[in-house]
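Q: Got a sequence here, can you build the structure:
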Amino acid sequence: EPSLSSNALAFVVRLKTRVGKCLHDIGDEKKGALAYRDAYLIMTKLPASKRVDRSLIFPVISGLWLSIPWDQIVSNDSNFSVEQELVQRFVDEAQAFGDPIHCCRALAMQGSLYSRMSDFPRALEVQRQLECVYSYSEHSSGIFEAYGSDFAALSFGNSVQWYDLVSDDAMASKQMDFVLNKLLPKFHPVAVHDSMGVLFPVLMVMKSKGMSKDAILMFQNHVLDRFKALGIKSTYFYPLYKPTSFLLELARRDDSLEDENGMLEEVQEWALKGEKISPIPMLERNGQFIQGEVCWRIARRKALEDPLRAELIRRGTSLLKRVMKKVQHDGSYAFMVKEAYFVYTDLQKMKETKPVPAPPPAVEKGCKCCIS
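A: From the prediction side, this is the model:
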């Protein structure tokens, strides 16, 4: 290390960062996290790194943070010590550097951390700080260029769920209106990834409030239609497209008390097939929450004697029990858990409701065959 110049160290950090990003992009998150970790250690442990451009640390920490959804950077304690160290370092460096682009990313990351810690009042406090700094027209393109996604905008979508979780319905509604009518319309049509990232948590809240018809229109206009127009085959959130479409359509029918069962066979087959949704744990878990609720919504339409009703109940109960246990210490799933717990409880009640046995054939006059 003593023989390396600051330029050489900077080169190594940039190289490690680019390697980490490439590995992340091709799905090898384990090796990608290791590359980001090496770069982080260089920037934080080697004395010579103090002479290196401090802005180099921002994509490094952001890359480490993005490894969390893949379960590669996870604390072994309930205090999220690893995550807290990363976030505090990022916030300190961003404030010292003074660039609003990095400050917005730092605040978005800090809000996300408090959400994971189930400290939603503090997450919302940070969100309000972010709203005092962030402007889509001034900062979005810079955040995208630096980090590959506008994480500040994504925080606005997540905050709708945070307001719901602290029972502030007025602010949840106000924030939802801002996201749907002020923020999303500004997104470039090719920004399908960010559109889905901002919209997904809002769609789940809309569904819970009987607004599934409006949610479908938003999902169609801002994600599905734009994705189709781009002519691409996949994107990060693509594995959630079909599950989200199925759930919102079923919820719309339930909201309007429709008895029409068209499309149910396709949805039922998907729900019972149990296909893996994504290798990315975050997407897979959200997909399992959706699958469990889809099983419940279809099972409620089944006659008590229909054998598929029992299979749907079993499948939905198993999925929700497993995924709720998996995420019990991660507050970022708290809204999905709240919804799932209601569904799981009702599935348990449905399981206990048995079909009434058919009565024995009427005894014909003078016939003793049915009398024991």
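
Q: check which helix or strand covers the closest residue to Met176 other than its chain neighbours.
A: Nearest non-adjacent residue to Met176, counting by CB to CB, 6 or more residues apart in numbering: Val160, 5.0 Å away. Yep, even glycine has a C-beta here, placed from its N, CA and C like the rest. Here Val160 sits within helix 151-165, counting by DSSP states H and E.

Q: and Leu308, how many residues sit next to it?
A: 14 (other CB atoms under 10 Å).

Q: Start at 53, not 1
A: Fine by me, first position is 53 from now on; the one you just mentioned is Leu360.

Q: just to confirm, which helix or strand has it in it?
A: Using DSSP H and E, the element containing Leu360 is helix 359-378.

Q: what sits up against that helix?
A: Under the criterion CB atoms under 8 Å, 6 or more residues apart in numbering, residues 320, 323-324, 326, 337, 340-341, 343-348, 350-351, 354-355, 389, 392-393, 395-396, 399-400, 402-403 lie in contact with helix 359-378.

Q: Check which residues of stretch 293-307 are buried.
A: 293-305 (16 or more other CB atoms under 10 Å).

Q: Go ahead and measure how far that stretch is from the middle of the chain.
A: Distance of stretch 293-307 from the chain centroid (CA atoms, centre = their mean, to the nearest Å) equals 17 Å.

Q: can you check stretch 360-372 too?
A: The answer for stretch 360-372 is 23 Å, by CA atoms, centre = their mean.

Q: export that stretch as PDB, just CAs?
A: Output of stretch 360-372 as PDB, limited to C-alpha atoms (Å, rounded to 0.1, in the frame of the first residue of the first chain):
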ATOM      1  CA  LEU A 360     -59.600 -27.200  -5.600                       C
ATOM      2  CA  ARG A 361     -60.800 -24.900  -2.800                       C
ATOM      3  CA  ALA A 362     -59.000 -27.000  -0.200                       C
ATOM      4  CA  GLU A 363     -55.800 -27.000  -2.400                       C
ATOM      5  CA  LEU A 364     -55.900 -23.300  -2.800                       C
ATOM      6  CA  ILE A 365     -56.300 -22.800   0.900                       C
ATOM      7  CA  ARG A 366     -53.400 -25.100   1.700                       C
ATOM      8  CA  ARG A 367     -51.200 -23.500  -0.900                       C
ATOM      9  CA  GLY A 368     -52.000 -19.900   0.200                       C
ATOM     10  CA  THR A 369     -51.600 -20.800   3.900                       C
ATOM     11  CA  SER A 370     -48.200 -22.400   3.300                       C
ATOM     12  CA  LEU A 371     -46.900 -19.600   1.200                       C
ATOM     13  CA  LEU A 372     -47.900 -16.800   3.600                       C
END
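
Q: Quick check: mean pLDDT of it?
A: Averaged over stretch 360-372, pLDDT sits at 96.

Q: In that stretch, which of the residues would be classed as buried?
A: Neighbour counts over stretch 360-372 (16+ other CB under 10 Å) mark 361-365, 367-369, 371-372 as buried.

Q: Repeat that for stretch 170-185.
A: When burial is assessed from 16+ other CB under 10 Å, stretch 170-185 yields the following buried residues: 172, 174-176, 178-179, 182-183.

Q: Let me have the residues you listed in TSV, extended by pLDDT and secondary structure.
A: Listed next are the buried residues of stretch 170-185 as TSV, based on pLDDT from 0 to 100; DSSP: H, G, I helix; E, B strand; the rest coil:
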residue	pLDDT	secondary structure
Phe172	98	helix
Arg174	97	helix
Ala175	98	helix
Leu176	98	helix
Val178	97	helix
Gln179	98	helix
Leu182	97	helix
Glu183	97	helix
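
Q: got the CA positions of the host helix or strand of Leu159 in CSV?
A: Using DSSP H and E, Leu159 sits in helix 152-168. Extracted as CSV, the C-alpha positions of helix 152-168 are listed here (Å, rounded to 0.1, in the frame of the first residue of the first chain):
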residue,chain,number,x,y,z
PRO,A,152,-27.2,17.4,-3.7
ILE,A,153,-27.1,14.4,-6.0
HIS,A,154,-25.2,12.3,-3.4
CYS,A,155,-27.2,13.9,-0.5
CYS,A,156,-30.5,12.8,-2.1
ARG,A,157,-29.1,9.3,-2.5
ALA,A,158,-27.9,9.3,1.1
LEU,A,159,-31.2,10.4,2.5
ALA,A,160,-33.1,7.8,0.4
MET,A,161,-30.8,5.1,1.8
GLN,A,162,-31.2,6.4,5.3
GLY,A,163,-35.0,6.3,5.0
SER,A,164,-34.8,2.8,3.6
LEU,A,165,-32.6,1.7,6.6
TYR,A,166,-35.1,3.0,9.1
SER,A,167,-37.9,1.2,7.2
ARG,A,168,-35.9,-2.1,7.5
